[in-house]
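A.B. asks: Build me a model from this:
(2 chains)
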Amino acid sequence: MMKTLTKRTLAAIAAGALLATAGPAMAQGKVVRFVKAGNLTILDPVWTTAYVTRDHGYMIYDTLFAMDENNVVKPQMVDKYTVSPDKLTWTFTLRDGLEWHDGKPVTAEDCVASLQRWGKRDTMGQKLMDFVKEFKAVDAKTFTMQLKEPYGLVLDTLGKPSSNVPFMMPKAVAETDPFKQFASYIGSGPFIYVDKESKPGEKHVYVKNPKYKPRSEPASGLAGGKVVKVDRVEVVDMPDTQQQVNAIIAGELDVIEQMPHDLIPVLKKEKNVKLVDWNPLGHVFVIRFNWLTKPFNDPKVRLAALYAMRQEDYLKATIGDAAYYKVCSAAFICGTPNAVDAPDGMLTKPNLEKAKALLKEAGYDGTPIVLMQSTTLPVLTNMAPVTKALLEQAGFKVDMQSMDWQTLGIRRSKKDPADKGGWNVFHTYSVSADALNPISNAYFAANGDKAWFGWPNDPEMEKLRDAYAKETDPAKGKALAAKVQARALETGQFGWLGQWYGPGATRSNITGWLKAPVPVMWNIEKK
Amino acid sequence: MLDFIARRLVAIIPVLAVVAVFVFLMLRLTPGDPAAVIAGDNATSDQIADIREKLGLNEPIWTQFAIWIGNVLQGNFGESFFFKKTVAELIAQRIEPTLALAICTLIIAVSVAVPLGVMAAYRHGSLLDRFVMGFAVMGFSVPVFVIGYLLIYVFAIELGWLPVQGYTRIGVNFWGFLERMVLPSVTLAVVYIALIARITRASVLEVLNEDYIRTARAKGLSNRVVLMRHALRNAAVPILTVIGIGIALLIGGAVVTESVYGLPGLGRLTVEAVLSRDFPTIQTVILLFSVVYVVINLLIDVGYTLFDPRIRY
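C.D. replies: Residues are numbered from 1 along each chain as shown, chains lettered A, B, ... in the order given. Here you go, the predicted structure:
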């Protein structure tokens, strides 16, 4: 009797303890624990171009337009839009039932203020604003955009998928100085940010927005109905990739945004984990030259460097498995409307004779060029050694300097000569979704000091980009994009060094991860 | 005694002043621009320049220092460049895991290392003694992260007994807290056990040859009483000293351990702040670590009087 009682008592205590432990988790419903490729520290997606902040934006904000899985821009918050015959007046009408998380209705004034703030920061937004005469809120749900002259990229700009995304925010928030970070979390998107439970450096908590009204169309890319099928998403800050792998194997994580390629084989063996190619466009490697300092201030030297490049060498050294890379000499991403192959096998078949001849013509004196190597972003670590080898074959002398990515990010903004703390060459990568046309692809900007690091200054390129921006006929636009690419190769503006794909990983009970250039959490189910 | 404590507390001020100047200058003089990190990878030079201006990083270095130190003296440690929170808030959020890790590590280390060291000294030259010495060498030689990954592989992945990573706040779920503290604490304790066990062994060994131990034994006292009451107590001062010195080791180890186990503590905050050049956070965390180090050593000094009545201040 005593024994039985003791057992029962113990069982009751154990059950009580179990319930007490399980209580909060059960109350939370379906929770997805997600690790991003970077730690989320800044929550203002207009203030920074960091992808992790962009992804936070997609959780809590919504967009007027969005790109579907076929890279076609579709209305999202917008119900309908019209363009005047002279293509100067665009009228947008919002969908019914759009609400901010605090219950107030989304108005046309909110959208106008959001576009104006974003247009002061984003490169594509700035370009659009150059053409905008005025925005006007016609009524609570309708606003117009009056242009000074026709602009061919209105929808591509408003539906741009990546940083900085034109997210809609309440007017009071959108009126924040665009160069100051705001501390608001009120959006109208499918998730609500739970500030009280979020602890930077530990986790960020989002819950399903019960009042969100998804579009009726099925979800496709970033467009269509954003139907949330889980109750809560916890974005866990876990910078160590080995730790991420251990945690997903142990079932402590549900989703990893992107796997380092060397750890993919480990997860392939795990039956409870699957790899997901969620970003069909992938990423593209880039080499940047500093136009301000010797010897890359000479176009012949830049061209010589490009003639030495072979994409496959880079892709093999960094990605390894051919299933996760694609040799592609088109700057605007293979498989998309603006893609055109580079001539003469440039970037895919080195022409060392030509490279050497160009160096000779340029009178290169053998001064070592400073090549910055990032050692902390695994996917970039092996880029610089390949460049060193290829450039040395072409006759360059290369001083490869290793540093962490943050240091590289700081040093690349220096315009000093290479031997005085500046630089000559570095590598980076971008999501392919950012590289689809000559305006969104910031590497093509050639407006000197205002251009991206390397500061190319080529008025001819800027004329071509402007012409592309104004062109409203897609066929003519494609021809102009080809001219932009040809001009970049003519001046050796920069190099694109191959496309690659970084699959994510999920537990096998997770389904519905949409194919899109951004990892989004709507449509995901946990069974 | 109170006079001694007061003098030591006052002595903290110049120590902190030196640390403050040193850290401030070190951060400003080494390459690094938080504006470039904040702006993100796709930002242009103009955007970075605008952010620099807004953060006040274009002011002369001494102006920046005067503003910062003036605020610190008023108890305002500034706002993190990145988290949009005050540094004090950030530290308050992150201090619990680090404190928990330090306390659990100390408990494990002292409760394992002191008996091991005493037994090794008592059985000098035996297998146990060799084991303790071998363990000490291993504990010093193997990096903390290697021990961490090894323990995770065995106890979390293969055996599935404990979680791989993460932290549960003590107020949320005590058992969850305990199970998530076991592996990190053991990982960090290894080097600490090695250090304390070695010093304990050496100190007790020295004391065991003293006349008063022989006298105690001659009086017929049991081995346990001789070891615990006479030998260990007299050997305690160097052991206490090494525990104090080890706090620096603990702080350094916490940085690595928190990263390996995904603990959201001050160690990880330091790493994140350094990588992103978050000046206000780095400056405050280092000041805090300095205060902790000085205060712990003060407590150790006070603790001497408990074990050795001859010590008076």
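A.B. asks: What is the neighbour count of the closest residue to chain A within the stretch 201-313 of chain B?
C.D. replies: Taking CB to the nearest CB as the measure, the point where the stretch 201-313 of chain B comes nearest chain A is B:Pro264, at 3.5 Å. For glycine as for every other residue, the C-beta is placed from the backbone atoms N, C-alpha and C. Neighbours of B:Pro264 under the rule other CB atoms under 10 Å in any protein chain shown: 25.
A.B. asks: same check, this time on A:Val327
C.D. replies: By the criterion of other CB under 10 Å, A:Val327 has 16 neighbours.
A.B. asks: May I ask you to confirm that the residue of the stretch 201-313 of chain B closest to chain A belongs to a strand?
C.D. replies: No - under DSSP: H, G, I helix; E, B strand; the rest coil, B:Pro264 falls outside any strand and is assigned coil.
A.B. asks: Quick check, it in contact with A:Met238.
C.D. replies: No - counting by CB atoms under 8 Å, A:Met238 is not a contact partner of B:Pro264; they are 9.9 Å apart.
A.B. asks: Low-confidence regions, the chain specifically.
C.D. replies: Here I'm looking at chain A. Flagging of chain A using pLDDT under 70 yields the residue ranges A:1-29.
A.B. asks: wait, chain B
C.D. replies: Across chain B, the ranges flagged by pLDDT under 70 are B:31-32, B:40-42, B:313.
A.B. asks: just the helices in it please.
C.D. replies: Secondary structure of chain B (DSSP state H): helices at B:2-29, B:34-39, B:45-55, B:61-73, B:87-122, B:127-141, B:144-151, B:174-208, B:211-218, B:223-225, B:233-261, B:266-275, B:279-307.
A.B. asks: To what extent is the residue in the stretch 301-450 of chain A that chain B sits nearest to buried, counted in neighbours?
C.D. replies: In the stretch 301-450 of chain A, the residue found nearest to chain B is A:Ile410; the distance is 4.4 Å by CB to the nearest CB. For A:Ile410, the tally of surrounding residues (other CB under 10 Å) stands at 20.
A.B. asks: same deal with B:Lys84?
C.D. replies: Using other CB under 10 Å, B:Lys84 has 16 other residues around it.
A.B. asks: quick revisit: next, work out how far apart the residue of the stretch 301-450 of chain A closest to chain B and B:Ile48 are.
C.D. replies: Here the distance between A:Ile410 and B:Ile48 works out to 9 Å (CB to CB, to the nearest Å).
A.B. asks: Repeat that for B:Leu150.
C.D. replies: 42 Å.
A.B. asks: which one of those two has more residues nearby?
C.D. replies: Summary of the neighbour comparison: B:Leu150 and B:Ile48, criterion other CB under 10 Å, with B:Ile48 having more neighbours (22 against 12).
A.B. asks: OK, contacts around that one?
C.D. replies: Counting by CB atoms under 8 Å, 6 or more residues apart in numbering or on different chains, B:Ile48 touches A:413, B:33, B:35-36, B:39.
A.B. asks: Swap in 6 Å and give it another go.
C.D. replies: A:413, B:35-36, B:39 (CB atoms under 6 Å, 6 or more residues apart in numbering or on different chains).
A.B. asks: can you check A:Leu64 too?
C.D. replies: In this structure, A:Leu64 makes contact with A:77-78, A:158, judged by CB under 6 Å, 6+ apart.
A.B. asks: So which of these is the closest to chain B?
C.D. replies: Distances from chain B to those, taken as CB to the nearest CB, are shortest for A:Leu158 (18.4 Å).
A.B. asks: Give me the nearest residue to the closest one, chain neighbours excluded.
C.D. replies: What sits nearest to A:Leu158 in space, not counting adjacent residues and going by CB to CB, 6 or more residues apart in numbering or on different chains, is A:Phe65, at 4.7 Å.
A.B. asks: what about that neighbour, how many neighbours?
C.D. replies: Around A:Phe65 there are 23 other residues, counting by other CB under 10 Å.
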